[in-house]
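Visitor: build me a structure from this.
(4 chains)
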2 protein chains.
Amino acid sequence: MKENQISPAEWEIMRVVWTTHPITSTEIYNILQEKTNWKLPTTKTLIGRLVKKGMLTTQTKGRKYEYSPAVTEKQSIKETTDALLEQVCSTKVGQTIEVMLENSVLSQDDLASLEQLIEEKKKTAPEVVACNCTPGQCDCRHEGGK
Amino acid sequence: MKENQISPAEWEIMRVVWTTHPITSTEIYNILQEKTNWKLPTTKTLIGRLVKKGMLTTQTKGRKYEYSPAVTEKQSIKETTDALLEQVCSTKVGQTIEVMLENSVLSQDDLASLEQLIEEKKKTAPEVVACNCTPGQCDCRHEGGK
DNA sequence: TTCAATCGTTTACGAGTGTAAACTATAAAT
DNA sequence: ATTTATAGTTTACACTCGTAAACGATTGAA
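Guide: Numbering: from 1, shown residues only, chains lettered A, B, ... in the order given. This is a model prediction of the structure:
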């Protein structure tokens, strides 16, 4: 239903193009041979779909096509994480992020950066987050407790 | 390809069952009427798929079925977030979590909790996270810099 | 100029998903 | 006992996704 999501397989293509662009389909194919068993046509299909979705732009360099990203990695990550967080009760977003944090290997710098962001957010954070769930989809009491 | 993922529509069902169980299909249907336009058969199809995937268990209470979760919400969230984080370079996991944090509304308690976890992780966190990408899928130099 | 390599495009096809009608079995009511 | 409401199961169908072969156009080589 969501408009123009990047599927997992398509994501592999995007990562290559985000890293190097402009880039041709064959170059993308060669890079991905290290990781996947995709045949050339498979790679091309995925590229074609990304172009159709508006995720890649094409330039006709000479007589070949070259591809470049039409969206940034950060934007795409944001859309993906947004979609994920929409699936949980707004009061559980914090716990969800905590789960990710627990299971991730992060560098000292990452942690410092995160900590600083948290410090910043504390200044304006509410005491409690309002629940926005349909009654029955979470344990939050909606009517002010019974 | 991934084994037994919970799709977005199925997730709606799971949230209801996680909140209240055991619960019948009609009860699930009624609760979701508040949020979706699903017909009863649609709800039943989704429930059936979840049972087949092993996400829900059934008890024959009297002569009706009642459903209960076979996996916890936390487990499911973990699997979802794991899948998400596998799509980015391991060195960018921190930034990804940062994006989520930036765009989320969190309570003071959430932030305090997160901060404590970060404090804890700092004790064992590496100075840098190793990149595990296929060459060409991220900007990390793999050969020790050129 | 003709052939072979290489592009991108079109077509294909099975699995999963969103959505739902049709069907079957059974239990409760009359 | 027969009807009716309800439960779960089967079937359906269009769309997306993963995977890839086939096709048509173009170009560089012979």
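
Visitor: which parts of chain A are helices?
Guide: Using DSSP state H, the helices found in chain A span residues A:8-19, A:25-33, A:40-52, A:73-85, A:93-102, A:108-122.

Visitor: ok, and what's touching the second one?
Guide: Contact with helix A:25-33 is made by A:12-13, A:16-17, A:20, A:38, A:40, A:43-44, A:47, A:65, A:67, B:134-137, as judged by Cβ atoms under 8 Å, 6 or more residues apart in numbering or on different chains. Placement of C-beta: from N, CA and C, glycine included.

Visitor: what subset of those is buried?
Guide: Buried subset of the contacts of helix A:25-33 (neighbour count, 16 or more other Cβ atoms under 10 Å in any protein chain shown): A:12-13, A:16-17, A:20, A:38, A:43, A:47, A:65, A:67, B:134, B:136-137.

Visitor: how distant is stretch A:82-101 from the center of its chain?
Guide: From the chain centre to the centre of stretch A:82-101 is a distance of 14 Å (Cα atoms, centre = their mean, to the nearest Å).

Visitor: what's in contact with it?
Guide: Contacts of stretch A:82-101 (Cβ under 8 Å, 6+ apart): A:2, A:5, A:114, A:128-133, A:137-138, A:140, B:8, B:11, B:15, B:73-74, B:77-78, B:80-81, B:84-85, B:97, B:100-101, B:103-107, B:109-111, B:113-114, B:117-118, B:121.

Visitor: farthest pair within the buried ones among the contacts of helix A:25-33?
Guide: A:Y65 and B:T134 (22.7 Å; Cβ to Cβ).

Visitor: returning to what we had before: I'd like the helices of chain A as TSV, with mean pLDDT appended.
Guide: Shown next, in TSV, are those (pLDDT from 0 to 100):
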stretch	mean pLDDT
helix A:8-19	97
helix A:25-33	96
helix A:40-52	96
helix A:73-85	94
helix A:93-102	96
helix A:108-122	98
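
Visitor: now render those as JSON lines, adding distance to B:K53.
Guide: Shown next, in JSON lines, are these (distance: least, Cβ to Cβ, whole Å):
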{"stretch": "helix A:8-19", "distance to B:K53": "19"}
{"stretch": "helix A:25-33", "distance to B:K53": "30"}
{"stretch": "helix A:40-52", "distance to B:K53": "27"}
{"stretch": "helix A:73-85", "distance to B:K53": "19"}
{"stretch": "helix A:93-102", "distance to B:K53": "21"}
{"stretch": "helix A:108-122", "distance to B:K53": "34"}
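
Visitor: how about a markdown table for the ones you listed, with distance to DNA strand C added?
Guide: A markdown table is the format used below for these (distance: least, Cβ to the nearest atom of the strand, whole Å):
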| stretch | distance to DNA strand C |
| --- | --- |
| helix A:8-19 | 11 |
| helix A:25-33 | 3 |
| helix A:40-52 | 4 |
| helix A:73-85 | 11 |
| helix A:93-102 | 19 |
| helix A:108-122 | 31 |
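
Visitor: and the pLDDT at A:C140?
Guide: Here the pLDDT value assigned to A:C140 is 88.
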